[in-house]
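Peer 1: How does the following fold in three dimensions:
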Amino acid sequence: MIANLLRFKSSIKLATQWILKGQDSTSAVLQTVLSRFLIIGVNVGTGIITARFLGPEGRGEQSAMILWPMFLANTLTLGLPTSVVYNFRKYPEERAKFFAAALLIGTLTGLAATIFGIALMPLLLKNYSGEVVTFARLLMFNSPIVLVQLIILSALEANGEFSASNRLRLLIPSITLLLLILLLVINALNPFTSSLAYVLNGIPIFAWTLVQLWKRIKPQWSNLRSATRRLLDYGFRSYGISLLGTVAANIDQALVVGFLSPTAMGTYVVALSLSRMLSVFQEAFKTVLFPKTAGQPVDEIIRMTGQAARVNLILMISIGLITVILSPLLLNLLYGSEFIEAAPTLNILVVQVVVNGTTMVLAQAFMASGKPGTVTVLQGIGLGLNIPCMIFLIPSMGLIGAALSLLISTSFRLAFILVSFPLFLKARPPSLIITKQDIRLITQKVLALGRS
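Peer 2: Residues are numbered from 1 along each chain as shown. Sure thing, here's the model as predicted:
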């Protein structure tokens with residue numbers, strides 16, 4: 001009995017060490033999934049605090065203020081994060097120059113986002129008080145840091161340092177949670193102070209990680225013309241994907257801010273954040289899949305992408321069904337009775353997350369094949385449906401209209417991605433039906449994990 005317990009303890013220890021190292025694709029995915037679950041847990045904690053102590057109106061004001069620095073910074077990435085991964089992997093001997101060029105471009109575009117946001121904030125937050133508008137303008141100075149953080153994460157993942165990337169992604173919201181608890185203890189929690197907790201959370205971790213990465217890569221600042229040209233060449237071709245992805249992920253909140261009250265915004269953000277918990281699997285597969293497949297033969301890229309998409313789909317559907325069945329209970333338990341009315345909106349958003357997760361995993365095949373422009377065009381067509389749907393449905397249907405608009409546009413994007421495989425890669429799209437081989441592979445990985 002004691003011997004069996006010791007063997008079990010040893011197996012758990014070895015399995016944990018294998019996952020934490022994240023050196024192969026399976027352990028990297030498992031580690032990323034684990035870190036995303038931890039991030040979800042932390043975000044649930046921050047969401048509970050802000051929802052219960054600020055209420056729908058205060059939560060809406062806070063969300064409006066912290067939305068724009070992130071949104072505008074992500075719309076001006078110029079495709080740098082994906083370009084860093086692609087060029088680091090394809091030209092490893094020139095990483096120092098690529099890193100230097102990416103940091104320089106990221107800082108400049110971040111400053112442009114700051115200026116742009118400050119100028120437009122009175123128009124963007126026309127339904128909010130003057131204090132909220134002024135504070136939102138101040139928060140725009142965080143945009144350059146947001147952009148450089150994205151570059152740092154991409155550089156870590158391109159180097160295969162998924163453990164460091166996952167730690168960074170986890171530490172940032174953890175600091176937010178600690179700051180919110182501190183604000184509660186000193187009785188200083190309000191929409192403005194809580195917004196600072198969300199915006200200032202990553203600065204110390206960002207600075208430390210940048211210094212460490214700087215020491216290892218040693219960016220070279222001379223003769224950056226060639227590195228800049230190649231970064232922007234791939235970046236501009238992939239920029240449409242990141243731009244459209246950012247707009248698709250945030251346009252609903254932007255339009256809810258413009259059309260509806262702060263209370264409606266607070267209710268919508270709660271439903272949105274709870275539904276986005278399902279994207280943990282998609283983000284894990286997407287984070288690992290692109291660096292692992294970049295530069296591989298097309299057949300191998302499609303095989304790996306299809307397998308990842310099928311496993312991701314079955315995981316998201318399983319968790320999604322549970323979320324839909326328990327949605328009123330979850331909203332009441334986590335956020336309070338004021339937010340139960342968000343249940344119908346939440347249910348639609350859960351379906352949208354499943355469809356979107358499948359789309360984004362499949363899109364990695366085009367990124368890895370060096371054809372990001374095709375996905376840009378196809379995603380643009382889908383997003384082109386989203387904005388007019390929202391403009392038409394939000395005023396008449398409120399939050400349900402916003403959720404339905406997202407689902408409609410996301411469904412079209414999935415259809416476009418599937419059609420693009422034979423058109424642009426000259427290959428059949430991967431099957432999305434789980435096969436015996438997929439189940440056998442999953443079983444083998446689980447058994448291997450138990451034996452390690």
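Peer 1: what about the nearest residue to Pro69 once chain neighbours are set aside, how many residues close to it?
Peer 2: Nearest-residue entry for Pro69: Asn142, 4.6 Å, with adjacent residues in sequence omitted and distances by C-beta to C-beta, 6 or more residues apart in numbering. C-betas here are computed from N, CA, C, even on glycine. By the measure other C-beta atoms under 10 Å, the count of residues near Asn142 is 25.
Peer 1: Identify the residues contacting the closest residue to Trp68 other than its chain neighbours.
Peer 2: Nearest residue to Trp68 in three dimensions, chain neighbours excluded: Gly117, at 5.3 Å (C-beta to C-beta, 6+ apart). With contacts defined as C-beta atoms under 8 Å, 6 or more residues apart in numbering, Gly117 is in contact with Trp68, Pro69, Leu72, Ala136, Arg137, Met140, Ser143.
Peer 1: quick one: which helix or strand includes Val324?
Peer 2: Using DSSP states H and E, Val324 sits in helix 298-325.
Peer 1: Remind me what that helix packs against, helices and strands.
Peer 2: Taking 3 or more C-beta pairs under 8 Å, 6 or more residues apart in numbering; DSSP states H and E as the contact definition, the neighbouring helices and strands of helix 298-325 are helix 280-293, helix 343-368, helix 436-451.
Peer 1: That one: how far from the chain's middle?
Peer 2: For helix 298-325, the gap between its own C-alpha mean and the chain's C-alpha mean amounts to 17 Å (C-alpha atoms, centre = their mean, to the nearest Å).
Peer 1: Same question for stretch 405-423.
Peer 2: Taking C-alpha atoms, centre = their mean, one finds stretch 405-423 lying 19 Å from the centre of the chain it belongs to.
Peer 1: Following the helix holding Val324 in sequence, what is the next regular element?
Peer 2: Using DSSP H and E, the first helix or strand after helix 298-325 is helix 327-335.
Peer 1: Tell me the helices and strands packed up against that next one.
Peer 2: For helix 327-335, the elements it packs on are helix 25-75, helix 262-275, helix 343-368, judged by 3+ C-beta pairs under 8 Å, 6+ apart.
Peer 1: In contact with the residue nearest to Pro69: list those residues for me.
Peer 2: Asn142 makes contact with Pro69, Ala73, Val199, Leu200 under the criterion C-beta under 8 Å, 6+ apart.
Peer 1: with those residues in mind, which one is nearest to Phe412?
Peer 2: Distance from Phe412 was checked for each of the contacts of Asn142 by C-beta to C-beta. The minimum falls on Ala73, at 27.0 Å.
Peer 1: Could you report the separation of that closest one from Gly55?
Peer 2: Taken as C-beta to C-beta, to the nearest Å, the spacing of Ala73 relative to Gly55 amounts to 28 Å.
Peer 1: Return the residues in contact with Leu315.
Peer 2: Phe281.
Peer 1: Tell me the spatial nearest neighbour of the residue nearest the centre of the chain, not counting adjacent residues.
Peer 2: The centre of the chain sits closest to Glu283, judged by C-alpha atoms, centre = their mean, with a distance of 6.4 Å. Leaving out its chain neighbours, the residue that sits closest to Glu283 by C-beta to C-beta, 6+ apart is Arg36, at 5.8 Å.
Peer 1: Burial check on the one you found, number of neighbours?
Peer 2: As a burial measure, Arg36 scores 21 neighbours (other C-beta under 10 Å).
Peer 1: quick one: the residue nearest to the centre of the chain from Ala249, how far?
Peer 2: Distance, Glu283 to Ala249, by C-beta to C-beta: 12 Å.
Peer 1: ok so, going back, please tabulate the helices and strands packed on helix 327-335 in TSV, including the columns mean pLDDT and distance to Ile105.
Peer 2: Shown next, in TSV, are these (pLDDT from 0 to 100; distance: least, C-beta to C-beta, whole Å):
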stretch	mean pLDDT	distance to Ile105
helix 25-75	83	13
helix 262-275	91	31
helix 343-368	92	19
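Peer 1: So which of those helices is nearest Phe88?
Peer 2: In this view, the helices and strands packed on helix 327-335 are compared for proximity to Phe88 by C-beta to C-beta, and helix 343-368 is the closest at 13.6 Å.
Peer 1: List the buried residues in the closest one.
Peer 2: Judged by neighbour count (16 or more other C-beta atoms under 10 Å), helix 343-368 contains these buried residues: 343, 345-368.
Peer 1: for that helix, the distance to its chain's centre please.
Peer 2: Centre-to-centre, helix 343-368 and its host chain are 12 Å apart (C-alpha atoms, centre = their mean).
Peer 1: what helices or strands is it leaning on?
Peer 2: Of the remaining helices and strands, those touching helix 343-368 by 3+ C-beta pairs under 8 Å, 6+ apart are helix 225-259, helix 262-275, helix 280-293, helix 298-325, helix 327-335, helix 372-397, helix 399-420.
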